[in-house]
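sharing a model prediction with you, sequence too.
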Amino acid sequence: MGPQLLVLQVAHPVVGAGVLEHSSFREDPWGRLLRTLLSLSTVIYGGERGAALEGERLFELHKAIGGVDEKGRRYHALNPEAYAWVHATLVQGALDGHRVFGPGLPAAELDGYYQGMRDVGRMLGIPEQHLPVDYPSFRTYYEEKIAARLEANQAVWDVLESMRVPKKPFRLIPGRLWRPAGAGLGRLFYLVTVGTLPPVLRERLGLTWSKRQQRWLGRFARLVRVLMMFLIPPLRIVGGIVAATWNVRQLEAARPASARRDGAR
């Protein structure tokens with residue numbers, strides 16, 4: 001669901017402008033994806049200390065990002081409304097992933113899941129008033145943002161193009177091997193991304209979606225469900241836990257000595 005989340009995020013005009021002018025996703029899309037996964041894993045699996053450190057890092061990273069977009073509108077990466085929208089895509093993205101590629105989260109668990117992700121939002125520094133109080137309120141907020149705030153922009157087209165023709169994740173991969181593999185992967189990325197976008201946004205972006213594409217997405221989703229049967233639940237999160245543990249150590253080591261002493265107290 002990663003590419004779908006990125007499309008949803010950059011369709012917000014503030015996020016799109018910041019990514020277009022300040023992000024390296026066009027030159028290093030795989031690195032951008034891995035950094036996003038590492039960040040989210042740290043907030044979820046790194047404990048309260050890890051979440052706080054990652055929140056501080058993200059604040060420092062984004063506080064200098066700002067400017068004027070292609071339509072003459074001023075923007076800043078720490079705009080609370082835009083920052084909250086990025087978090088909202090992560091909240092709904094996991095649910096969409098469960099719905100498309102798994103059995104879906106039971107209705108009785110939705111609010112508990114949302115309250116946990118609301119805590120994540122607070123740890124990331126999102127103001128309380130930008131975090132809906134419960135899951136029904138969140139769904140209303142999410143649908144209203146899609147209907148009234150998201151737009152087609154250059155960042156959206158760049159993201160979609162980077163999916164169609166993905167760059168090599170490692171430079172050492174021979175081009176003759178990557179070209180057919182990358183073409184197939186690009187088609188799969190595009191299929192999942194366009195197929196899981198909210199229909200109203202898909203239409204606004206002018207992206208076509210056919211019954212044939214829907215059948216192919218359904219077949220791929222069934223394959224994922226079958227493969228997941230062989231992956232016991234603990235193994236599904238061990239990668240996130242290991243990544244979070246490593247990243248928390250890096251964040252601690254990168255802090256000034258005075259800050260580390262203050263944190264220890």
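Noted; the coordinates are in hand.

can you give me the helices for the stretch 51-200 of the chain?
Secondary structure of the stretch 51-200 of the chain (DSSP state H, counting those that start in this stretch): helices at 80-101, 107-123, 135-148, 154-164, 175-196, 199-204.

with mean neighbour count and mean pLDDT added, can I get those in a markdown table?
From N, CA and C alone the C-beta is placed, and that goes for glycine too. Compiled in a markdown table, these are given as follows (neighbours: other CB atoms under 10 Å; pLDDT from 0 to 100):
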| stretch | mean neighbour count | mean pLDDT |
| --- | --- | --- |
| helix 80-101 | 19 | 93 |
| helix 107-123 | 15 | 93 |
| helix 135-148 | 15 | 96 |
| helix 154-164 | 19 | 89 |
| helix 175-196 | 15 | 92 |
| helix 199-204 | 14 | 95 |
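
those helices: which one's closest to Leu227?
Closest to Leu227 of those, according to CB to CB: helix 80-101, at 9.8 Å.

and the closest one, what does it pack onto?
Applying 3 or more CB pairs under 8 Å, 6 or more residues apart in numbering; DSSP states H and E, one finds that helix 80-101 contacts helix 2-10, helix 13-22, helix 107-123, helix 135-148, helix 211-228.

need the residues that contact the first one.
Spelled out, that is helix 2-10. Here helix 2-10 makes contact (CB atoms under 8 Å, 6 or more residues apart in numbering) with 15-16, 19-20, 25, 32-33, 36-37, 85-86, 89-90, 93, 96, 150, 153, 155-156, 159-160, 163, 189, 192-193, 196-197, 201.

follow-up on the earlier one: mind putting the helices and strands packed on helix 80-101 into CSV with distance to Ala253?
Listed next are the helices and strands packed on helix 80-101 as CSV, based on distance: least, CB to CB, whole Å:
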stretch, distance to Ala253
helix 2-10, 28
helix 13-22, 26
helix 107-123, 20
helix 135-148, 36
helix 211-228, 35
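
for Ala243, which of the ones you listed is the nearest?
helix 2-10 (14.7 Å).

any idea of the mean pLDDT for the closest one?
Mean per-residue pLDDT for helix 2-10: 91.

okay, that helix in PDB with CA atoms only?
In PDB, the C-alpha atoms belonging to helix 2-10 read as follows (Å, rounded to 0.1, in the frame of the first residue of the first chain):
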ATOM      1  CA  GLY A   2       3.000   2.300   0.200                       C
ATOM      2  CA  PRO A   3       2.700   3.900  -3.300                       C
ATOM      3  CA  GLN A   4      -1.000   4.400  -2.800                       C
ATOM      4  CA  LEU A   5      -0.300   6.300   0.500                       C
ATOM      5  CA  LEU A   6       2.200   8.500  -1.300                       C
ATOM      6  CA  VAL A   7      -0.300   9.400  -3.900                       C
ATOM      7  CA  LEU A   8      -2.900  10.300  -1.300                       C
ATOM      8  CA  GLN A   9      -0.300  12.400   0.600                       C
ATOM      9  CA  VAL A  10       1.000  14.400  -2.300                       C
END
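
if we can go back for a sec, relative to Ala244, which of the helices and strands packed on helix 80-101 is closest?
helix 107-123 (12.7 Å).

who are the packing partners of the closest one?
Counting by 3+ CB pairs under 8 Å, 6+ apart, helix 107-123 packs on helix 29-45, helix 47-62, helix 80-101, helix 135-148.

now the angle from the longest one to helix 13-22?
Computed by axes from the mean of the first three to the mean of the last three CA atoms, to 10 degrees, the angle separating helix 80-101 from helix 13-22 equals 90 degrees.
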